[in-house]
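>>> I would like the atomic coordinates for the input below:
(2 chains)
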Amino acid sequence: MAKREAPEVNAGSMADIAFLLLIFFLVTTTIGVDQGINRLLPRYEENPPVPPINERNIMRVLVNRDNQLLVNEKPMDIKDLRQAAIEFLDNNGKQECAYCLGKKDPNSSDGPDDAVISLMNDGQTTYQTYIAVQNELVAAYYFLRDRESMRRFNKKYTEIEYVANDPASKAQEGLVEELQPKVKLIQDLYPMRLSEAEPKKN
Amino acid sequence: MSKFKKKKSAGTPGISTASLPDIVFMLLFFFMTATTMKDSDLMIENRLPKADQTAKLHKKEYLMYIYVGKPKQGYASLGTSDRIQLNDKISSVSDIRSFVITERAERNSEAEKYLTASLKIDKEVRMGLIQDIKTELRKVEQLKVNYTTNKGNPLD
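This is a model prediction of the structure:
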């Protein structure tokens, strides 16, 4: 009698099973990584000390309950905010900042080290407007930092910073140690001094 | 009787489906790797605002999520004002402290350094509540925050 061969496993239903799983993952999937604006909050203090700041070194940005903008007591369209912030930060009124390209207006900020942007919003301001204002102000800082970083390291600051702060970068020997000082240097050249006042309650 | 039967050539031959499982498996693996599961059902509306000065968020193990928005239609019992959702329950501002502490305790000390609070806030929420949340986060020293947004121009 001939030796019987082992019967083959029927793989016809494999496709069905795979389809089932596929459809499950198709339904539950959300492609796209989360992204957003990173900020570092200041430490909480009961009575925050008020440092003596010269009036010309402050750019006051006020957002009212109707989402309108007031910059240094003058109404401004949000589209012009980024340029205004860049000019303010890069002004170099004291002429001590070698890497600044600003107008050296004596009535505006002394230099990026002294310039402070103060943001105040109403309790009724919408989050959307707040984010738009934040976005424009952060963009102004990133613009200046990127410019300086390109000049020194031929690489954008935003890229260097992301890699330096990514926990995954630690796998690569010496990478974080190499990038951290660069990040620090650029941050010191254009420190982000963006203060937020408590909104008025009403 | 001949042992070798002549093949019947009846009509066109059917398309072989033998490679179908392979194709489907390939797709399956793609979606399995690309997928990120939603871990909590949102009881509030969550339409994020747009921004373009954004950075990608790091891995999920370094994140905690705080959702804020108006209750969705099916949850009328929660009222109509802005509410905070932590994990899967509606909370108040005072719950944030214990939430942050729990989230920290769940991670090892290495991951704790990178722990960022991802604020997923509906674009219609008023700043008064958000300021309260931020003050609360500052009190528990959770200083790294990310205003999570969608990619786009904030000015339109």
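
>>> after the least confident helix or strand in chain B by mean pLDDT, next one along is what?
Ranked by mean pLDDT, DSSP states H and E, the weakest helix or strand in chain B is helix B:109-112, scoring a mean of 78. Downstream of helix B:109-112, the first helix or strand assigned by DSSP states H and E is strand B:116-121.

>>> May I have the strands that pair with that next one, each with its orientation?
Next to strand B:116-121 in the sheet, as set by DSSP bridges, lie strand B:63-69 (parallel), strand B:144-151 (parallel).

>>> so can I have TSV of these showing distance to A:Pro48?
C-betas here are computed from N, CA, C, even on glycine. Conversion of those to TSV gives the following (distance: least, CB to CB, whole Å):
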stretch	distance to A:Pro48
strand B:63-69	24
strand B:144-151	18
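
>>> Which strands and helices lie in contact with the least confident helix or strand of chain B?
For helix B:109-112, there is no helix or strand it packs on, judged by 3 or more CB pairs under 8 Å, 6 or more residues apart in numbering or on different chains; DSSP states H and E.

>>> returning to what we had before: now render the strands paired with strand B:116-121 as CSV, adding mean neighbour count.
Formatted as CSV, these follow (neighbours: other CB atoms under 10 Å in any protein chain shown):
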stretch, mean neighbour count
strand B:63-69, 21
strand B:144-151, 21
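
>>> I'd like the average pLDDT over the helix ranked longest in chain B.
If you go by DSSP state H, chain B has its longest helix at helix B:20-34. Averaging pLDDT along helix B:20-34 yields 82.

>>> Pipe the strands paired with strand B:116-121 into a markdown table and attach mean pLDDT per row.
Formatted as a markdown table, the strands paired with strand B:116-121 follow (pLDDT from 0 to 100):
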| stretch | mean pLDDT |
| --- | --- |
| strand B:63-69 | 88 |
| strand B:144-151 | 88 |
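
>>> if we can go back for a sec, report the backbone C-alpha coordinates of the least confident helix or strand of chain B in PDB.
The C-alpha atoms that make up helix B:109-112 are tabulated as PDB, following Å, rounded to 0.1, in the frame of the first residue of the first chain:
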ATOM      1  CA  SER B 109      12.500  58.300  36.900                       C
ATOM      2  CA  GLU B 110      14.300  58.400  33.500                       C
ATOM      3  CA  ALA B 111      11.100  59.100  31.600                       C
ATOM      4  CA  GLU B 112       9.900  61.500  34.200                       C
END
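
>>> List the buried residues in that helix.
Residues of helix B:109-112 include none that count as buried (16 or more other CB atoms under 10 Å in any protein chain shown).

>>> what sits up against it?
With contact meaning CB atoms under 8 Å, 6 or more residues apart in numbering or on different chains, helix B:109-112 is reached by A:Pro167, B:Glu61, B:Tyr62, B:Arg104.
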